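Chemist: Return atomic coordinates for the entry below.
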Amino acid sequence: MKSSMVFRKQSPRPPARGVAFLLVLWVIAMLSVMLGSFALIARTELMQSRHLFDTAQARYAAEAGLDLAVYELRKSDPMARWVGDGRPYAFGYGDADVEVRITDDSGKIDLNTPDEKRLTALFAARGLDPDRAQGLAAAILDWTDPDDDTRLNGAELAQYKAAGLSYGPRNAPFDTVSELQQVLGMNYELFSKVEPAFTIYSGQGMPNLAYAPAEVLDAQEGMTTECEQEILEWRHSFQPGDPAAPPQPECATQAGMSIPMAGGGGLTYSVKSRAKLPNGASTTLDATIRMGGINAAGRPYVILRWRDGENS
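Modeler: Now for the predicted structure:
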């Protein structure tokens, strides 16, 4: 008896479970990507918001430094009044640490009443060789004088054209200190080094050494780095009106300099106020103000120049 074997063809198992599993994995992956993107966007917006908040907080703290400087400069008691000779004044404002430095603009070199010899000495002290320093000083005077006559090593319209520039000297006073960058021979690197020495608001041909910043002291004949540091430390060691003020440093006397003691000061000041938060965010406000009266905004000073920026 023969046995017969019957093979039945089995139909394949439907792939529904495998497809569903892959679909679930795909959905999970997509959700993970979306969740990660959302988290990244949320974190970025949070950081931007925090940065804006910190910047605003530091900025207003720096403005508080400017307002406090005006208040302190207006005090009638010379022993309590802040001094515009660049010394630092520090105080706390909320969470911020604020440092304020004030420079009476009478201690700076006025670009519109310059002395060629002093300008040459200033540029030489900042690393220029004597010929280039003298040429740049002459070019500054050619920029402001009303004529088209070129000084020795100076620059009038022909020299600007020869240098490929589309403009020439103004032949009029400077409107801003930043305009100095347009003078033939000046570059930004040098400008950033000498900018603190200049003003257009004092109207004086001779800077008042009682308030002169380090850059102006550098331009004095016979000045050395060591003597400059002694002078600055000497100035900052006493308060105007102090009867026990020490005599000026011997190095200044030996160089033939006579540095007057700071007195009441003028009406125009450059104020640099820097506010720093505990997390390191900071803002520096650099302004030139003129004291006197009450302006339209209700402030007892007028803003002549304003510049602020963030620092980290």
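Chemist: Residues in contact with stretch 211-226: which ones?
Modeler: Contacts to stretch 211-226, defined as C-beta atoms under 8 Å, 6 or more residues apart in numbering, come from residues 84-86, 103-104, 106-109, 118-119, 121-122, 125-126, 193-194, 196-197, 207, 209, 228, 231-232, 251, 254-257, 262, 265. (Each C-beta comes from the backbone N, C-alpha and C, glycine too.)
Chemist: mean confidence score for the helix ranked longest in the chain?
Modeler: Ranked by residue count under DSSP state H, the longest helix found in the chain is helix 16-73. Mean pLDDT, computed over helix 16-73, is 83.
Chemist: now the helix or strand that that helix is followed by: how far from the chain's centre is it?
Modeler: Once the chain leaves helix 16-73, the next helix or strand it forms, by DSSP states H and E, is strand 85-93. Centroid separation for strand 85-93 versus its chain: 16 Å, with C-alpha atoms, centre = their mean, to the nearest Å.
Chemist: Ok, stretch 32-41 next?
Modeler: 40 Å.
Chemist: now swap in stretch 243-254 and tell me
Modeler: 31 Å.
Chemist: how about that stretch: buried residues?
Modeler: Residues Q248, P249, C251, A252 are the ones in stretch 243-254 that count as buried (16 or more other C-beta atoms under 10 Å).
Chemist: Tell me which two in the residues you listed are the farthest apart.
Modeler: Maximum pairwise distance in the buried residues of stretch 243-254, criterion C-beta to C-beta, is 9.1 Å, between Q248 and C251.
Chemist: Next, count neighbours for L128.
Modeler: Per other C-beta atoms under 10 Å, the neighbour tally for L128 reads 19.
Chemist: Check V302 too.
Modeler: V302: 17 surrounding residues under other C-beta under 10 Å.
Chemist: Quick check on it: phi, psi?
Modeler: phi -110, psi 130 (degrees, to the nearest 10).
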